[in-house]
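Enquirer: pasting a predicted model and its sequence here:
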Amino acid sequence: MKVYYKTLKDLPREELFAPGHRMCAGCGAAIAMRWITKTIGPNAIIANATGCVEVTTTPYPETAWMHPYIHVAFENSAAVASGVEAAIKALRRKGLWDAGDTKVVVIAGDGGTYDIGLQSLSGMLERRHGVLYILYDNEAYMNTGIQRSGSTPKFSWTTTTPVGTAVRGKIQWKKDIMGIVMAHRVPYAATASISHILDMVNKIKTALEYTSEGPTFLHIFAPCVPGWRYPENKTVEVARLAVETGYFPLYEWDHGKLKLNPPSNAHLDKSKRKPLKEYLKLQGRFAHLTDEEIAELEKELDAYWEYLGKLAQL
């Protein structure tokens with residue numbers, strides 16, 4: 001990761017994500033959108049998949065977006081962005097594009113990335129389109145009623161993974177979307193969190209620069225107040241604890257090399273991670289967990305860190 005911004009004061013003052021949208025108070029995705037739009041700058045085209053962000057920012061005839069913007073379906077945001085990127089290249093070859101180095105950016109949630117849009121994402125990565133794909137991950141289909149997605153963690157309550165005596169929330173583990181993206185041998189992919197803004201904006205800028213070589217990917221952790229069942233003033237605290245407990249590691253995949261970023265670079269040593277329970281206990285979606293179930297989640301988390309450690313040594 002290149003360091004473009006040493007402090008938040010180094011970022012542009014111009015706001016490109018307008019107030020007055022309908023996103024929830026304390027929405028993690030709303031925080032992400034503000035910093036994403038600031039960082040990518042005005043010369044960018046955004047393709048936004050259906051989801052929380054789209055529905056709450058574009059109620060006709062209003063919009064919160066100050067970029068050229070296209071709303072597309074859950075399943076085809078990467079395909080549409082591929083077409084936009086190819087069109088710009090064709091116009092530039094013909095001498096008909098005079099807008100300079102216009103970037104193409106996808107913004108999509110976990111439902112439109114892990115599940116419904118995975119096919120078009122894979123196609124975009126395989127064809128090597130110079131597009132930055134940004135996933136804001138709130139770990140369920142929040143827009144349509146808090147249904148589970150491939151991103152929903154094990155044992156989490158959702159409206160389609162209820163909690164009872166026989167079934168204790170979602171029964172599957174969370175899908176490893178970063179592993180899937182890295183398997184496409186992209187130039188750059190990274191994780192980021194709305195709790196670590198400087199890390200996030202520098203990764204956005206790095207990913208934009210690398211689109212000259214091919215597709216890049218950013219996975220942003222974005223807590224959801226109604227879906228995760230925590231007070232609206234706890235969003236950043238929840239996101240920070242996800243990082244500090246090791247639940248959501250911060251790292252980069254840069255041209256085939258994995259690098260852990262602070263504070264996650266210390267978390268291969270389990271003693272440097274906060275107990276996972278500190279993250280879980282703030283959220284109503286995990287309120288039903290027993291000590292045995294928490295121990296199972298901790299065991300899986302330890303295995304994931306062992307896997308990351310091996311990748312970091314390659």
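Expert: Done, it's in.
Enquirer: alpha carbons only for contacts and neighbour counts from here, please
Expert: OK.
Enquirer: now do the lengthiest helix in the chain: everything it contacts.
Expert: When the chain is parsed with DSSP state H, its longest helix is helix 291-312. Applying CA atoms under 8 Å, 6 or more residues apart in numbering, the contact partners of helix 291-312 are 154-155, 246-247, 257-260, 268, 270, 276-277.
Enquirer: now do 6 Å
Expert: Contact partners of helix 291-312, identified using CA atoms under 6 Å, 6 or more residues apart in numbering, comprise 258-259.
Enquirer: check stretch 210-217 too.
Expert: 125, 128-134, 188-189, 207.
Enquirer: sec struct for residue 45, please.
Expert: When classified by DSSP: H, G, I helix; E, B strand; the rest coil, residue 45 comes out as strand.
Enquirer: tell me the spacing between it and residue 121.
Expert: Residue 45 is 17 Å from residue 121, where distance means CA to CA, to the nearest Å.
Enquirer: and the two? Which one has more around it.
Expert: residue 121 (25 against 19; other CA atoms under 10 Å).
Enquirer: look up how far residue 222 lies from the nearest residue in space to the more buried one that is not next to it in sequence.
Expert: Excluding the flanking residues, the one nearest residue 121 by CA to CA, 6 or more residues apart in numbering is residue 78, at 5.2 Å. As judged by CA to CA, residue 78 and residue 222 stand 20 Å apart.
Enquirer: the spatially closest residue to residue 103 that is not a sequence neighbour: what's it in contact with?
Expert: Residue nearest to residue 103 in three dimensions, not counting chain neighbours: residue 44, with 4.5 Å by CA to CA, 6+ apart. Residue 44 sits next to 102-104 when contact means CA under 6 Å, 6+ apart.
Enquirer: mind redoing it with 10 Å?
Expert: 37, 67-69, 99, 101-105 (CA atoms under 10 Å, 6 or more residues apart in numbering).
Enquirer: which pair in those has the greatest spatial separation?
Expert: Farthest pair in the contacts of residue 44 (CA to CA) is 37 and 99. Separation: 17.9 Å.
Enquirer: who has more neighbours out of these two?
Expert: A count of neighbours by other CA under 10 Å puts residue 37 above the other of residue 37 and residue 99, at 21 against 10.
Enquirer: residue 78 and residue 222: which has the busier surroundings?
Expert: Between residue 78 and residue 222, counted using other CA under 10 Å, residue 78 has the larger neighbour count: 33 against 26.
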